[in-house]
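Undergrad: Need coordinates for the following:
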Amino acid sequence: MFSFCSDPEQLGNARWMACYLTTGVHLQFYAAFFKVLLLLAITAPVALGFGFVGAMSARSRVAPLAWLGKIYIAVVRGVPDIAFFLFFVIALDQGFEYLRHRVLCPDWDQPVRQGSDFIVCQAAKLPLGTAPEWMHETYGFFLAVLTFSIVFGAFAANVLFGAMRAVPRAQLETAEAYGMTHRQTFWRILVPQMWVYALPGLSNLWMVLIKATPLLFLLGIEDIVYWARELGGTKTPKFTAYPHGDWRMWYFLALLVFYLGFTRVSEIVLGRIMARLTHGQATAGGEAQRKAAA
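TA: Numbering: from 1, shown residues only. Down below sits the predicted model:
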């Protein structure tokens, strides 16, 4: 990036480090931090949506719908995250390709499953082999977001289901006594009240989601863990012009600082949200606020 970086062997320590930290691969390392933040920004609301639908299904008066919601919560929560991630991404990818194969290649006369191989026509592959690299990366990121959302949506569903049951029954009965329908009671009384009880569990789930982002590395996505390992290692093709020793400890230390700083900011924001939600509520948090204001 700098004009004096043309010959690294002639540089002093400070200039050598400045050139080293501004190479193209390091810029990709810095961009990977944005990729992690983007994953969190997309996954959190989508997972919360999955969780809300799952919780509504689990408490539904329609038995098959309630069974479906409870099965979703139990199955996803009961499978180790790594096993689910490694399995579901492959299954989801093959499911998309199979549907495209059925639509785009109706004349295909060979079985899709041939032994241990999964073979579809070229037009059905996602993404196409001729697609640019950014499309391959975007598709992989999309699968990762969907998988994260489904996994953490099940945990969110369990939290929201418990929060819905924690709302005092007397409030719901009062709403019904005033003539509200079941739908009106749900949306006007139950849903606004449940967030006070759900936020502690959702806060913990958000922290777990932050800690789970290195699983992107296992899904083949070049995230910050991938780049830290590649750039910090001694035997790497990334830096033929800038040889160095084993610096992985320093790169992973940078990741440690990043995650600790991000979780601290999250704690502050979540604490303020909790204070706002408990204001005036008949909870321990609301009672503490009333005593402090007295």
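Undergrad: where does the chain dip in pLDDT?
TA: Scanning the chain for pLDDT under 70 picks out 1-4, 6-12, 128-130, 235-241, 279-294.
Undergrad: okay, now residue 164: neighbour count?
TA: Residues lying near residue 164 (other C-beta atoms under 10 Å) number 20. Quick note: C-beta positions are derived from backbone N, CA and C, even for glycine.
Undergrad: Which residue, other than its chain neighbours, is closest to it?
TA: residue 194 (5.1 Å; C-beta to C-beta, 6 or more residues apart in numbering).
Undergrad: Now name the helix or strand holding that neighbour.
TA: Taking DSSP states H and E as the definition, residue 194 sits inside helix 191-212.
Undergrad: can you pull the buried residues of that helix?
TA: 191, 193-199, 201-203, 205-206, 209-210, 212 (16 or more other C-beta atoms under 10 Å).
Undergrad: And residue 77, how far from residue 161?
TA: Distance, residue 77 to residue 161, using C-beta to C-beta, to the nearest Å: 12 Å.
Undergrad: What is the helix holding residue 194 packed up against?
TA: Helices and strands touching helix 191-212, by 3 or more C-beta pairs under 8 Å, 6 or more residues apart in numbering; DSSP states H and E, are helix 24-58, helix 133-166, helix 248-278.
Undergrad: helices or strands next to the very next helix or strand once past it in the packing?
TA: Per DSSP H and E, the first helix or strand lying C-terminal to helix 191-212 is helix 215-218. Secondary-structure packing of helix 215-218 (3+ C-beta pairs under 8 Å, 6+ apart): helix 24-58, helix 81-104, helix 224-232.
Undergrad: so which of the ones you listed gets nearest residue 157?
TA: Evaluated with C-beta to C-beta, those place helix 24-58 nearest to residue 157, the distance being 3.0 Å.
Undergrad: got the angle for that closest one vs helix 224-232?
TA: 160 degrees (axes from the mean of the first three to the mean of the last three C-alpha atoms, to 10 degrees).
Undergrad: Next secondary structure element downstream of helix 24-58?
TA: Moving toward the C-terminus from helix 24-58, the next helix or strand (DSSP H and E) is helix 63-78.
Undergrad: Pull that following helix out as CSV, backbone CA atoms only.
TA: Coordinates of each C-alpha in helix 63-78 appear next as CSV, following Å, rounded to 0.1, in the frame of the first residue of the first chain:
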residue,chain,number,x,y,z
ALA,A,63,-52.3,-30.4,18.4
PRO,A,64,-50.3,-31.2,15.2
LEU,A,65,-48.9,-27.6,15.1
ALA,A,66,-48.0,-27.8,18.8
TRP,A,67,-46.2,-31.2,18.3
LEU,A,68,-44.3,-29.7,15.3
GLY,A,69,-43.1,-26.7,17.4
LYS,A,70,-42.1,-28.9,20.3
ILE,A,71,-40.3,-31.4,18.0
TYR,A,72,-38.3,-28.5,16.4
ILE,A,73,-37.2,-27.2,19.8
ALA,A,74,-36.3,-30.6,21.2
VAL,A,75,-34.5,-32.0,18.1
VAL,A,76,-32.3,-29.0,17.3
ARG,A,77,-31.5,-28.3,21.0
GLY,A,78,-30.6,-32.0,21.5
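Undergrad: Not counting its own residues, what contacts that helix?
TA: 53-60, 84, 150-151, 153-155, 157-158, 161 (C-beta atoms under 8 Å, 6 or more residues apart in numbering).
Undergrad: and it, how far from the chain's centre?
TA: Helix 63-78 sits 21 Å away from the centroid of its parent chain (C-alpha atoms, centre = their mean, to the nearest Å).
Undergrad: if I pick the nearest residue to residue 193 once chain neighbours are set aside, what's in contact with it?
TA: In space, and not counting its chain neighbours, residue 193 is closest to residue 167: 4.5 Å by C-beta to C-beta, 6+ apart. Counting by C-beta under 8 Å, 6+ apart, residue 167 touches 189, 190, 193, 194, 197.
Undergrad: If we use 10 Å, what do you get?
TA: Residues in contact with residue 167 (C-beta atoms under 10 Å, 6 or more residues apart in numbering) are 189, 190, 191, 192, 193, 194, 196, 197.
Undergrad: got it, and residue 228?
TA: 29, 32, 214, 217, 247-255.
Undergrad: Dump those to a markdown table, plus neighbour count.
TA: A markdown table is the format used below for the contacts of residue 228 (neighbours: other C-beta atoms under 10 Å):
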| residue | neighbour count |
| --- | --- |
| 29 | 22 |
| 32 | 19 |
| 214 | 16 |
| 217 | 16 |
| 247 | 14 |
| 248 | 15 |
| 249 | 10 |
| 250 | 11 |
| 251 | 19 |
| 252 | 15 |
| 253 | 13 |
| 254 | 15 |
| 255 | 16 |
